[in-house]
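Enquirer: What would the 3D arrangement of this be:
(3 chains)
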Amino acid sequence: MHADAQSLAADAGQGHESHAAARTPQPYVHPYLAGFGLGLVLLASFVIMGRGLGASGAFSSVIAGGIDAVAPAHAQGNAFYGEYLGDGSRSPLMDWLVFEVLGVFVGGFLSGLLAGRFKKEIGRGPAITSGKRLVLAFIGGGILGFGSKLARGCMSGQALTGGALLNVGSWAAMMCIFAGAYAVAYFVRRQWQ
Amino acid sequence: MNAPLFKFGLFGDNVGLIFAFVIGIAFGFALERAGFGNVRKLTAQFYFTDLAVFKVMFTAIVTAMTGLFYLAWIGFVDLSQVYLTDTYIVPQAVGGLLLGVGFVVGGYCPGTSCVAVSTGKIDAVVFLVGIVAGIFAFGEMFPLLESFYNATPMGRITLPELLHVPYGVVVFLVILMAVGGFAGATWVEKTMAAKKGGQTA
Amino acid sequence: MMKRLASLSVPQKAAAAVIALGFLGLFAGDPYKGSRYTIDEQELARVVETTVDHVSPQELADWIIQGKADFRLIDLRTENEFKEYHIPGAENVPLTALMNHGLSTQEKIVLYSDGGIHSAQAWFLLRAKGYSAAYMLFGGLEEWKDRVLFPKRAANATPAEAVEFARMSAVSAYFGGTPQSGTADTATTPAIVMPKLEMPASAPAAAGGPPKKKKKEGC
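Expert: Residues are numbered from 1 along each chain as shown, chains lettered A, B, ... in the order given. So this is what the prediction gives:
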């Protein structure tokens, strides 16, 4: 994992001079190299922890923990929240995925900063207003959040992790992710193209 | 046979959290380097102009899958100790469709939205709020959804078990599929670029 | 130009290498070998000999009272027997359905049947399949009745035994049993009434509902 970070950092180092000279963002790493790095991170997670990567589970833990703090009876009476609360001996926030996702924020920030890619902006295509983009971002997030729980994991937890483990449900979910996205892509093309 | 290290008791839960943080940093770093903090690069996948999402994802799957396969084969990793989510085929397929729709409408997936937030993307913050709302809605509706959520259980099952073929055969097929897919994806990208007269997003 | 050529060939080299690795994988055999489908006889023999595979009825009772939720309690008897009485929190799983019950190889599993034979057989099955934390309730439900539900006080109890009996009486009351104090040496116990399945309302665990599930590991 450290070797992986180094190899990626070394790759970033190639554009170091241009970074120092101007704030032009560095080009992204070649997809295969980035994928290889990502694969090594995943492999490290398997070898060290015996589990893969994830993201949506961390949000679930935070939500379950939040509801448990506000309305404990409500949270504990719900089997879904209960799965994230455990036996109550440990805070739901003292969770592996929660810490992993905190790391994702830090890692993303570090990489963006080093590559000169940190920029406060709204990511959108030229043909859509910022307001509409934010509304669609919220709607998309809501659909995705709901779907991630039904699928028992998101792109990281199912497609990536389960994909590498040849998990049947993960491959089904992965195929359906691509199918769902391609099916709807035409209708939201003005948002991106 | 002494890995996964955690499962063999080399360290406890709290040290595990430190590893979680470090692995998370590497994960976020790799995602950002791949360009997955950029919503237009992510969604270009679905308009065939830039298939980096597919390439990165399948390179990662092939790397981890092949690495794990050989580490288990030499006896370093006990594969049965690596956590595998149980399969519930129908709800997972429906969930996958929703994930795909949410992905192309919202522009991110959970992991990439974190990276986008940490590089200053405001739409990603809104997207994250949307995820939280979606999970909250799921949680509140869970008593209604529970029977569907637990429908069509298949237990802990892998593709080799489902297809009754050796594990290595599926590994080989996935690799062939990925490499073929990469070649196809590169061809599609070139064709699309030519069609647009070299104009790149 | 040279650099461009070199960078072009790298993915192709990598692709060739990974295809070769995958091709070798065709002949590599099952990566699960040595884990899921084989029995480590020596290890099993050691476990059997040292009886670390046992959970005593008293231990189990304490776990339930403390509200521990880090284990799954499996009742291997028939459905009717299960309906008549079972240890609080148990799941009814016949031996034939054990492998498809969604148990995880890592979770703590406590098995019981009437005596010890069925649970021992189920235990062996589970261990052979790589369930590394399977345990048997020592003496099965018979022992549970004798030790937990209807503990007996020996006529000539030592002080230590008397203290233990007092403790077990409280435990027994918790599970709705009746301690058999007095003249146990007559060996004619009064008519044993099996407790009702519902836990007493005053019991601390009853307020919390069913025991909470183990925290999930996935996404």
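Enquirer: switch to C-alpha atoms for all contacts and neighbour counts from now on
Expert: Will do.
Enquirer: Kindly check the end-to-end length of stretch B:80-96 for me.
Expert: 26 Å (C-alpha to C-alpha, to the nearest Å).
Enquirer: can you check stretch C:56-75 too?
Expert: End-to-end distance for stretch C:56-75: 15 Å, by C-alpha to C-alpha.
Enquirer: That one close to chain A?
Expert: Yes: residues of stretch C:56-75 are located near chain A by C-alpha under 8 Å from any C-alpha of the partner chain, namely C:68, C:69, C:70.
Enquirer: Tell me who's in contact with residue A:30.
Expert: Neighbour list for residue A:30: residue B:34 [criterion: C-alpha atoms under 8 Å, 6 or more residues apart in numbering or on different chains].
Enquirer: Residue 102 - how many residues pack around it?
Expert: Since no chain was named, I'll use chain A. 19 (other C-alpha atoms under 10 Å in any protein chain shown).
Enquirer: wrong chain, I was asking about chain C
Expert: 13.
Enquirer: what's the answer for residue B:70, then?
Expert: Residues near residue B:70, counting by other C-alpha under 10 Å, number 18.
Enquirer: Okay, and it sits in which element?
Expert: Using DSSP states H and E, residue B:70 sits in helix B:52-73.
Enquirer: For that helix, the averaged confidence score.
Expert: In this model, helix B:52-73 carries a mean pLDDT of 94.
Enquirer: Who are the packing partners of that helix?
Expert: helix A:31-49, helix A:163-164, helix B:39-44, helix B:167-195 (3 or more C-alpha pairs under 8 Å, 6 or more residues apart in numbering or on different chains; DSSP states H and E).
Enquirer: does the helix or strand following that helix come close to chain A?
Expert: Using DSSP H and E, the next helix or strand after helix B:52-73 towards the C-terminus is strand B:87-88. Yes: judged by C-alpha under 8 Å from any C-alpha, strand B:87-88 and chain A are in contact via B:87, B:88.
Enquirer: so what are the domain limits for chain B?
Expert: Following automatic domain parsing, one gets these domains for chain B: B:1-84+B:162-201, B:86-157.
Enquirer: coming back round to it: okay, the helices and strands packed on helix B:52-73 in a markdown table with mean neighbour count next?
Expert: Formatted as a markdown table, these follow (neighbours: other C-alpha atoms under 10 Å in any protein chain shown):
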| stretch | mean neighbour count |
| --- | --- |
| helix A:31-49 | 27 |
| helix A:163-164 | 28 |
| helix B:39-44 | 23 |
| helix B:167-195 | 18 |
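Enquirer: May I see the ones you listed arranged in TSV, with distance to residue B:118 and mean pLDDT as well?
Expert: Below are the helices and strands packed on helix B:52-73 laid out as TSV (distance: least, C-alpha to C-alpha, whole Å; pLDDT from 0 to 100):
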stretch	distance to residue B:118	mean pLDDT
helix A:31-49	18	95
helix A:163-164	27	95
helix B:39-44	13	93
helix B:167-195	29	93
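Enquirer: nearest to chain C, of the ones you listed?
Expert: Proximity to chain C (C-alpha to the nearest C-alpha) singles out helix B:167-195 among the helices and strands packed on helix B:52-73, at 4.3 Å.
Enquirer: so that closest one versus helix A:31-49, what angle?
Expert: 150 degrees (axes from the mean of the first three to the mean of the last three C-alpha atoms, to 10 degrees).
Enquirer: and residue A:134, how many neighbours?
Expert: 21.
Enquirer: For the one helix or strand residue B:96 maps to, enumerate the helices and strands it packs against.
Expert: Using DSSP H and E, residue B:96 sits within helix B:89-106. Judged by 3+ C-alpha pairs under 8 Å, 6+ apart, the packing partners of helix B:89-106 are helix A:130-150, helix A:168-185, helix B:122-149.
Enquirer: Residue A:77 is nearest to which of those?
Expert: For those, proximity to residue A:77 was assessed by C-alpha to C-alpha; helix B:122-149 is nearest, at 9.9 Å.
Enquirer: related to what we said a few turns ago, for the helices and strands packed on helix B:52-73, which one sits closest to residue A:139?
Expert: helix B:39-44 (15.4 Å).
Enquirer: what comes into contact with that closest one?
Expert: Contacts of helix B:39-44 (C-alpha under 8 Å, 6+ apart): A:123-125, A:192, B:35-36, B:50-53, B:104, B:107-108, B:116, B:201.
Enquirer: closest to chain C among these?
Expert: residue B:52 (13.9 Å).
Enquirer: wait, what's in contact with the closest one?
Expert: Applying C-alpha under 8 Å, 6+ apart, the residues contacting residue B:52 are A:31, B:34, B:41, B:42, B:45.
Enquirer: that older thread, who wins for proximity to residue A:184 among the domains of chain B?
Expert: Among these, domain B:86-157 comes nearest to residue A:184, with 6.2 Å by C-alpha to C-alpha.
Enquirer: Give me every residue in chain A lying close to chain C.
Expert: Checking chain A against chain C by C-alpha under 8 Å from any C-alpha, the hits are A:32, A:51, A:54-58, A:82-87, A:97, A:152-154, A:157.
Enquirer: tell me which parts of chain B are close to chain C?
Expert: So far as C-alpha under 8 Å from any C-alpha goes, chain B lies against chain C at B:66, B:69-70, B:72-73, B:75, B:78-81, B:83-86, B:155-156, B:166-169, B:171-173, B:175-176, B:179.
Enquirer: okay, now residue C:68: neighbour count?
Expert: The burial count for residue C:68: 17, using other C-alpha under 10 Å.
Enquirer: Please apply the same query to residue C:143.
Expert: The number of residues packed near residue C:143 is 20, by other C-alpha under 10 Å.
Enquirer: got it, and the one 10 residues further on?
Expert: The tally of other residues near residue C:153 (other C-alpha under 10 Å) stands at 20.
Enquirer: ok, now residue B:144?
Expert: 11.
Enquirer: quick one: which of the contacts of helix B:39-44 is nearest residue A:109?
Expert: residue B:116 (8.6 Å).
Enquirer: separation between the residue nearest to the spatial centre of chain B and chain C?
Expert: Central residue of chain B (C-alpha atoms, centre = their mean): residue B:57, 6.8 Å from the mean position. Distance check for residue B:57 against chain C: by C-alpha to the nearest C-alpha, to the nearest Å, it reads 15 Å.
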